[in-house]
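Enquirer: What would the 3D arrangement of this be:
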Amino acid sequence: MKSTKQYQQVVTTQRKTVNAKKDVKNDHMEEMTRSLVDTWQKSADMMSDLMSQSQQMMTSPYQPMKSLDPMNIGPAFKSAARIMAGDPMKLMQDNYQLWKEHVELMQQIMLKHDMNPDGATGKHHDRRFKHEDWTNNPMFDYIRRSYLLTSNRLVEIMTSVEGISEEDRKKLIFHSKLLADAFSPSNFLMTNPEAIRTMIETGGQSILKGMQNLQRDLDPKTSQLSIMMSDPDAFTLGENIATTPGKVVYQNDLVQLIQYEPTTAKVHQRPLVIAPPWINKYYILDLQPRNSFIAWAVEQGYTVFVISWVNPDAKLGEKKFEDYMQEGILDVLDAVEAATGEREVSMIGYCIGGTLLSATLAYMSETGDDRIKAATFFASQADFSEAGDLKLFTDTAQVDNLERMMEKKGYLDGSAMATTFNLLRANDLIWSFYVDNYLLGKDPMKFDLLYWNADSTRMPKQTHLFYLREMYINNNLAKPGGITLKGVPIDLSKITIPIYLQAAKEDHIAPYPSVFKSTGLYSGPVRFMLAGSGHIAGVINPPAADKYNYWINEDQPKDLEEWLDGAEEFPGSWWTDWDKWLAPLSGKQVAKRVPGSGKLDVIESAPGSFVSIKS
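Expert: Numbers count the residues shown, from 1 in each chain. As a prediction, the model looks like this:
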């Protein structure tokens, strides 16, 4: 047995240990308190600044009145409300069913967590709820599942409304989903367990940083919140993005033409000219050496030329669609011939650049111009009858409103187009960044694709209105003689050259059923290929990445379901299939061509100056 003296020593030691732990705990509490007080003081200052910004917004100089319903969704919701009010029994049944499902959900939650107190093990694939507390914590598990149940029921109710037009139904469904996405519990501090944990772990610093990020992204002059997706200082054009060596050899009001340095001793006789979309900048095709389509095409022995569109200002607002055809393609073909001595070329058109290319090919067919011998289309539409969710933003009322917005400046701000595209995938392209920036207080990522996505361009008024009205609203490009360019009615069926038509399974901008419709418009041989992924990753998928799959039906039937049923799946990138198709159509092998060695002098090094013009 221990003596009394030994016992007293043990007790004294234990007391010292307990007191030391208390001191440590007290020190930690004091430190956290000081941190919270400091955060509170800084937050108060920042709230004052934000209030000042709000005051500036309300007292800023007069701005032209914008439509109170710029997306023209009011009529659709009014029609739905009137129809639902006329059938109160159905509305009561829907409410009863929702109540019943919530009762069942509460029972499931209680039973699940009683039987599995350490948390649920079930997996779900909604990235908004990837944090473990959304499943393991009974309260947040209930919040998550209750939200999903309610939001799904909202969309189902809107889907089941009878007696409205199909156009209004699509609007109701789309905007109901947008509304449900906005009210996700993950978007609010006190119902987001990850944000709460981060706030506690950082002593409130994450909230302070989030408010700083909010103040940074809020423009007091325009009242616009522009969520920063990528670190704007992480990349410099020509240094660590858009680095494939080349030279600008020609320019006009609308384009700079870049000719890339060859990397092979021999090249295909016919140059390859790429028309990217002017809605974005060309370097989506040249982000990094590892994923650059341009660099890869050069390595395959093509003499590659790329059109770099200008970021238009008010002076170019009156440029028309046919000006983009003349200065963007026809004049460029003259320049390519001057640079290489070759009259015949192959071309690629990406997205709206492909729409312009198809219209230009029809014009060239009518005027006897046969310089383009083969054409490739990346995610490009020519028949817009089923053009996906973008049609929800392009009805007559919305386009008329856009025209009023562009009247003063002569162009549509790049941020407006970026917002439209982001709304098509709101959870991925809006709310995920909202949570990271403002609730978690994270710094923007250093990611080349997001940097490019944020580098938006303006739309010239006349060209943009023509595109929206003639393509999206009236679908005139698909109609023989439906569009007239430079006084010439055009007909896509007059296009007889070989076509390679790329589409992507998950493309939300140019849905593959819409792209497939082009197979019935052209009269020449068409090779339709369906890639994995979406509008960007479905195109930018280098062979070395060994990602995704693609599908080919060698019989190339004109019916989509028949095409899909008979399609064969191949692993990896489709680029090699495209190269096997284009190489035999590109002429014999000739000596490589160096930029500036032809009749055109070098103006400047790639990526050129047009691409550096910010919106």
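
Enquirer: How is the chain partitioned into domains?
Expert: Segmentation of the chain into domains, based on automatic domain parsing, reads 1-58+203-231+414-445, 74-201, 246-392+458-612.

Enquirer: what is the rounded mean pLDDT of the first one?
Expert: It refers to domain 1-58+203-231+414-445. Domain 1-58+203-231+414-445 shows a mean pLDDT of 71 in the predicted model.

Enquirer: Which strands and helices lie in contact with the helix or strand harbouring G349?
Expert: Secondary-structure element containing G349, defined by DSSP states H and E: strand 345-350. Taking 3 or more CB pairs under 8 Å, 6 or more residues apart in numbering; DSSP states H and E as contact, the helices and strands that strand 345-350 lies on are strand 272-275, helix 352-367, strand 372-378. Backbone N, C-alpha and C define where each C-beta goes, glycine included.

Enquirer: looking at the sheet around the residue nearest to P595 when sequence neighbours are not counted, what are its partners?
Expert: Among residues not flanking P595 along the chain, K247 sits closest, at 3.7 Å (CB to CB, 6 or more residues apart in numbering). Here K247 sits in beta bridges with Q259, S605, going by DSSP bridges.

Enquirer: Quick one: residues contacting K247.
Expert: I258, Q259, E261, P595, G596, V602, I603, E604, S605, A606 (CB atoms under 8 Å, 6 or more residues apart in numbering).

Enquirer: Could you report the separation of Q256 from V298?
Expert: For Q256, the distance to V298 equals 18 Å [CB to CB, to the nearest Å].

Enquirer: Please apply the same query to D559.
Expert: For D559, the distance to V298 - CB to CB - is 38 Å.

Enquirer: Equivalent analysis for L361, please.
Expert: Counting by CB to CB, the gap from L361 to V298 is 24 Å.

Enquirer: what does G534 give?
Expert: For G534, the distance to V298 equals 25 Å [CB to CB].

Enquirer: Counting neighbours, go ahead and name the busier of these two.
Expert: The residue with more neighbours, out of G534 and V298 and counting by other CB atoms under 10 Å, is V298; that gives 22 against 17.

Enquirer: Need the contact partners of the one helix or strand that one maps to.
Expert: Secondary structure assigned from DSSP H and E places V298 in helix 293-299. Outside of helix 293-299, the residues within contact range by CB under 8 Å, 6+ apart are 244, 260-264, 272, 274, 285-286, 289, 304, 306, 539-540, 542-543, 575.

Enquirer: Return the set of buried residues in whichever helix or strand comes after it.
Expert: Proceeding C-terminally, helix 293-299 gives way to strand 304-309 as the next helix or strand, assigned by DSSP H and E. Of the residues in strand 304-309, those buried by neighbour count under the rule 16 or more other CB atoms under 10 Å are V304, F305, V306, I307, S308, W309.

Enquirer: Ok, stretch 290-297 next?
Expert: N291, S292, F293, I294, A295, W296, A297.

Enquirer: would you turn the residues you listed into TSV with pLDDT and distance to A335?
Expert: As requested, the buried residues of stretch 290-297 are arranged in TSV below (pLDDT from 0 to 100; distance: CB to CB, whole Å):
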residue	pLDDT	distance to A335
N291	96	28
S292	98	23
F293	98	21
I294	98	18
A295	98	22
W296	98	24
A297	98	19
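
Enquirer: If we only consider the residues you listed, which is nearest to N427?
Expert: For the buried residues of stretch 290-297, the minimum distance to N427 (CB to CB) is 24.7 Å, reached by N291.

Enquirer: What is the burial count for the residue nearest to that closest one when sequence neighbours are not counted?
Expert: Taking CB to CB, 6+ apart, and ignoring the residues beside it in sequence, N291 has P542 as its nearest neighbour in space, at 5.2 Å. For P542, the tally of surrounding residues (other CB under 10 Å) stands at 18.

Enquirer: Is P542 in contact with P289, as I believe?
Expert: No. Contact between P542 and P289 fails when scored by CB atoms under 8 Å: they sit 9.8 Å apart.

Enquirer: helices or strands up against the helix or strand that contains M529?
Expert: Secondary-structure assignment from DSSP H and E places M529 in strand 526-531. Contacts of strand 526-531 with other secondary structure elements, assessed using 3+ CB pairs under 8 Å, 6+ apart, are made with strand 499-504, helix 512-516, strand 549-552, helix 575-582.

Enquirer: mind checking which helix or strand of this protein has the lowest mean pLDDT?
Expert: Across the helices and strands of the chain, the lowest-confidence element by mean pLDDT, DSSP states H and E is helix 4-59, at a mean of 50.

Enquirer: Beyond that helix, next helix or strand please.
Expert: If you walk from helix 4-59 toward the C-terminus, the next helix or strand you reach (DSSP H and E) is helix 74-85.

Enquirer: quick one, what contacts the residue nearest to Q326 when sequence neighbours are not counted?
Expert: The shortest distance from Q326 to any residue other than its chain neighbours is 7.2 Å, reached at K486 (CB to CB, 6+ apart). Residues near K486 by CB under 8 Å, 6+ apart: E322, M325, Q326, Y363.

Enquirer: Which single one of the residues you listed is nearest to P571?
Expert: M325 (38.5 Å).

Enquirer: and the strand or helix carrying the closest one, what does it pack onto?
Expert: In this structure, M325 sits in helix 321-325 according to DSSP H and E. On a contact count with 3+ CB pairs under 8 Å, 6+ apart, helix 321-325 meets helix 352-367, helix 461-466, strand 483-485.

Enquirer: Put together JSON lines for those, with distance to D87 and mean neighbour count on each row.
Expert: Compiled in JSON lines, those are given as follows (distance: least, CB to CB, whole Å; neighbours: other CB atoms under 10 Å):
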{"stretch": "helix 352-367", "distance to D87": "43", "mean neighbour count": "24"}
{"stretch": "helix 461-466", "distance to D87": "40", "mean neighbour count": "21"}
{"stretch": "strand 483-485", "distance to D87": "44", "mean neighbour count": "18"}
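
Enquirer: now those in a markdown table, with distance to N401 and mean pLDDT?
Expert: Formatted as a markdown table, the entries for the helices and strands packed on helix 321-325 read as follows, by distance: least, CB to CB, whole Å; pLDDT from 0 to 100:
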| stretch | distance to N401 | mean pLDDT |
| --- | --- | --- |
| helix 352-367 | 21 | 98 |
| helix 461-466 | 12 | 97 |
| strand 483-485 | 24 | 98 |
